[in-house]
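Trainee: I'll drop the sequence and a predicted model, then ask my questions.
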Amino acid sequence: FLGAVLGLTCFFIISVPLLGNESRANKLPHLVPEVTSKIKIDGVLNEKAWEDALVLALDYEVDPGENIRPPVRTEVLLASSAAHFYVAFRAYDPEPAAIRARFTDRDNIENDDYVGIILDTFNDSRLTYNFYCNPYGIQQESVTLSGSSNQWDAIWNSAGRITGEGYIVEMEIPFSALRFQRQKDEQVWGIDAVRGYPRNLSHSIGLFPRDRDNACYMCQAEKLIGFRGSRPGKNLEFDPTLSAVLTQERESFPDGKFVDVTKKVDPGLPARWRFTPNLTLTGAVNPDFSHVEADAAQLDVNTQFVLYYPEKRPFFLEDGNLFSTILNTIY
């Protein structure tokens, strides 16, 4: 199968929303204002739109403390436009010099200070989109489905900077990067905003208290209402691939000329069509099984096992957590 020259694969995924429980029903949603003025994503909250934004405080340390007062103050600002969801964080710190932040690769911020937003766009406590940034705006994102997470690279904008009071992060998330119901009226989404504060202890700070006896995390989430007329994009995506291999050998060793032994150019075309928010058709002509990843340096000196790279190909990430197991039985 892996050596096939031509492969055609389709997945059909149907998501059926679950009925909310009593704790979710009692949550009163916060109104997200719609703004029309332009926001520049630069880590400076000087636009008028931020003056009109919804402001929520992250008042709970959820780990290691259990819903206690957090050691630092954090605010999240929320607004939306016709095409984008805007998020900003004011992360205060009594000792800004102790902030852990690096200019690093994408998806490599776990050891830094960070802030993030978790969005339950279907308000069913099953699927969340998670966007994180360190104090310099370095991005990390993931999708969580029924407790299992997969990383993927969405197209969104972010910026961050360290200040004399802590740090500020801005995010601009296009609605086209998310899935949600298409409707003209206002929508209700579940939300959590989080902050990682690593010092002598790694403190996890959130927007709402968490009941550790309740395994359903997003059932306890805060609610947002708004996004009137927002649409999740045209829902048609093409991701062409092209890989090439050239192998040469010397005619005679060590002074012979190099001659070509193998020349191969291998194109492919994965495509995805979300014809409803709950139903997706995914296919690929000649899937890229080469597992080549740009800028993912690894050493193979004295290595007796095959190298693996972070999976970033959309065709293999689309709801791939449905196939995840404790052992790597499906690759």
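Mentor: Alright, I've got the coordinates.
Trainee: my guess is Val259 contacts Glu249. True?
Mentor: Yes - shown here, Val259 and Glu249 form a contact pair, counting by Cβ atoms under 8 Å, at 6.3 Å. Any C-beta I mention is one placed from the backbone N, CA and C, and that applies to glycine too.
Trainee: show me the shaky parts of this structure.
Mentor: 1-26, 233-235, 288-295, 312-315, 318-319, 321, 330-331 (pLDDT under 70).
Trainee: and the helices in it?
Mentor: 22-25, 48-51, 314-317 (DSSP state H).
Trainee: have a look at Val259 and Glu249 and say which one is more surrounded.
Mentor: Glu249 (13 against 9; other Cβ atoms under 10 Å).
Trainee: ok, and the closest non-adjacent residue to the more buried one?
Mentor: Val261 (5.2 Å; Cβ to Cβ, 6 or more residues apart in numbering).
Trainee: return the residues in contact with the one you found.
Mentor: Thr247, Gln248, Glu249 (Cβ atoms under 8 Å, 6 or more residues apart in numbering).
Trainee: now it: how far from Phe323?
Mentor: For Val261, the distance to Phe323 (Cβ to Cβ, to the nearest Å) stands at 37 Å.
Trainee: and if you look at Ile109?
Mentor: Taking Cβ to Cβ, one finds Ile109 at 27 Å from Phe323.
Trainee: out of those two, which sits in the more crowded spot?
Mentor: Set Ile109 next to Phe323 and count neighbours by other Cβ under 10 Å: Ile109 wins out with 23 against 11.
Trainee: let me see the contact set for the spatially closest residue to the more buried one that is not a sequence neighbour.
Mentor: Leaving aside its sequence neighbours, Ile109 sits nearest to Asn134 (Cβ to Cβ, 6+ apart; 4.2 Å). By Cβ under 8 Å, 6+ apart, the contact list for Asn134 reads Ala101, Arg102, Thr104, Ile109, Asp112, Asp113, Tyr114, Gly160.
Trainee: surely Arg90 touches Leu58?
Mentor: No - Arg90 lies out of contact with Leu58 (Cβ under 8 Å); the separation is 10.1 Å.
Trainee: identify the contacts common to those two.
Mentor: Counting by Cβ under 8 Å, 6+ apart, the residues touching both Arg90 and Leu58 are Thr74, Glu75.
Trainee: of these two, who's got more company?
Mentor: Between Arg90 and Leu58, Leu58 has the larger neighbour count (other Cβ under 10 Å), namely 23 against 19.
Trainee: leaving out sequence neighbours, find the closest residue to the more buried one.
Mentor: Closest to Leu58 by Cβ to Cβ, 6+ apart is Thr74, at 4.0 Å.
Trainee: tell me, how many residues neighbour the one you found?
Mentor: Neighbours of Thr74 using other Cβ under 10 Å come to 23.
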